[in-house]
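*Asks:* Sequence first, predicted coordinates after that:
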Amino acid sequence: MPAVFLYIVIALLTLGIGLLLYLVFGLKSKLEKPVDDTSLKVMMEWMKDIKSGTEATRESMQKSIDDSKEHINARLTKAAEYIGELKKEMGGLTQIGPDIRRLSETLASPKLRGNFGEEILENMLAQVLPRSGYQTQHRFSNGEVVDVAIVTGERLLPIDSKFSMENFRLMIEAKEEAAADNLRKAFLRDVKKRVDEVRKKYILPQEGTHDFALMFVPSEGVYQEVIQDVSTMDYARSKRVIPVGPNSLFVYLQSVLMSLRGLQINRVAQQILDLVSAIKQESDKFASILGTLTNHIKNAGNTMSSVNQDFGKLQQHIHSASELQLEDTKEEIPEKVGSPE
C-alpha cells in the first residue's frame, strides 16, 4: 500500500511540473506578443493558484507517506518483538527436551514408575477427600501393602496403582502391524497379571475390605488401551477388580460412594422398619391389656350400678321400717291362765 502512494505522488509531481513548464513556456511565448496589463495579471494570479495548489497536494502526500512509514515501522517493531519471544520459547523447548528424556528414563524403571503412579493417585485423592477419609500404604495382616484404602463406614475400599508400560511402549513404537499386534497381546496379558495381583493381595473381606477393588492406571493412554479390549474388561470384572484412569477415577469413586451410601441408607431404613415392627408388637400388647382393663372397668361399673340399685332398695326398706309404730290395746291380759271349765 505505501508503494502505491509513492507512485501516485510521483505521478502528481510529474504532472504538476509538466503543467508548470507548459504554462511558463506558453506565458513566455505570449509575453513576446504585445498584451495588455490586465491579461498578464490574470495569468500571474492563475499561476500562483496552481503553484499553491501543487504545494498543498505535495504536503498532503508527504504527510500520508510519513504516516505510512510510521505504521510500517511500528509493525516491523512488533514483529521483531514477536520473533524475540518466539526465540525465547524455542529456547525453553530445547530445555524441556532433557527433562522429557529424564522423565522417560524414570518411567523405564518399574519401581520408580510405581512410585510415580502412587504419587499421582495420592495427589488426586487429596483434592476431593479429607485426610481422614483414606489411608495411604495400608498394611494387611498378610504383609501386603496397598497404595490407598478409602474409608467407607466400617469397610475399606482398596485402590492400587499399576503401570504396565514395557510392552505398551514397544507396541507404540512398533512399525510393523504384526509386531504391534503381538506386543498388544503381551501388554494385555501383563494387565491381567496386575488384575490377579490386586484380587489376591488386596480384596480381603475378612480384614474389613469390600469384595471388590479399584486398579488405578496413571496413564490415560494406557487406560484407554485397556478398556477398549472387551475380554480384558470382562476378566477384570470376573475378578471383582475395576480398572480406572486419571479421568475416570473420580467418576468411579462417586458412583461407589453413592452406592455405599445407598446401602447404608437401606440398612438404616431396615433398622427403622424393625424398630417400627417392635413398636407395633408392643402397641398390640398394650392394646390387649388396655382392652382387658376396659372390660374389667366396664364389669366393675355394671356391678357398681347393681349394688347402687340394691342399696337404694335397702335404704327404702330401712326407711319404711323406721316409720312403723305399735298400736295401744284396751284388752287386759289375764293374770293366770287356766283351763276352761
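*Replies:* Here it is on my side, so go on. Numbers count the residues shown, from 1 in each chain.
*Asks:* what packs against the helix ranked longest in the chain?
*Replies:* In the chain, with assignment by DSSP state H, the single longest helix is helix 249-322. Counting contacts by 3 or more CB pairs under 8 Å, 6 or more residues apart in numbering; DSSP states H and E, helix 249-322 packs against helix 110-128, strand 145-152, strand 213-216. (Each C-beta comes from the backbone N, C-alpha and C, glycine too.)
*Asks:* outside of stretch 140-147, which residues touch it?
*Replies:* Here stretch 140-147 makes contact (CB atoms under 8 Å, 6 or more residues apart in numbering) with 117-118, 121-122, 136-139, 158-161, 201-202, 204, 207, 216.
*Asks:* The residues you listed in strands, which ones?
*Replies:* T136, Q137, H138, R139, P158, I159, D160, S161, F216 (DSSP state E).
*Asks:* Of those, which pair is most distant in space?
*Replies:* R139 and F216 (18.5 Å; CB to CB).
*Asks:* out of those two, which sits in the more crowded spot?
*Replies:* Neighbour totals were compared for R139 and F216, and F216 leads with 27 against 11 (other CB atoms under 10 Å).
*Asks:* right, so the helices and strands packed on helix 249-322: which one is the most enclosed?
*Replies:* The highest average neighbour count among the helices and strands packed on helix 249-322, using mean count of other CB atoms under 10 Å, belongs to strand 213-216 at a mean of 25.
*Asks:* What angle do helix 249-322 and whichever helix or strand comes after that strand make with each other?
*Replies:* On the C-terminal side of strand 213-216, the closest following helix or strand by DSSP states H and E is helix 220-227. Interaxial angle, helix 220-227 versus helix 249-322 (axes from the mean of the first three to the mean of the last three CA atoms, to 10 degrees): 70 degrees.
*Asks:* Buried residues in helix 220-227, which are they?
*Replies:* Of the residues in helix 220-227, V222, Y223, E225, V226 count as buried by neighbour count, 16 or more other CB atoms under 10 Å.
*Asks:* need these in JSON lines with pLDDT and distance to E70, can you?
*Replies:* As requested, those are arranged in JSON lines below (pLDDT from 0 to 100; distance: CB to CB, whole Å):
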{"residue": "V222", "pLDDT": "87", "distance to E70": "57"}
{"residue": "Y223", "pLDDT": "89", "distance to E70": "57"}
{"residue": "E225", "pLDDT": "89", "distance to E70": "58"}
{"residue": "V226", "pLDDT": "90", "distance to E70": "62"}
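*Asks:* I'd guessed I227 sits against M233; true?
*Replies:* Yes. When contacts are counted by CB atoms under 8 Å, I227 is listed as touching M233 (6.0 Å).
*Asks:* Can you work out which residues contact both of the two?
*Replies:* P243.
*Asks:* Is there a quick PyMOL command that grabs whichever of the ones in strands among the contacts of stretch 140-147 are buried?
*Replies:* One line in PyMOL is enough to select the buried ones among those; burial here means 16+ other CB under 10 Å:
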select buried, resi 138+158+159+160+161+216
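*Asks:* ok, the ones in strands among the contacts of stretch 140-147 vs N247, which is closest?
*Replies:* Nearest to N247 out of the ones in strands among the contacts of stretch 140-147 is F216 (CB to CB; 11.7 Å).
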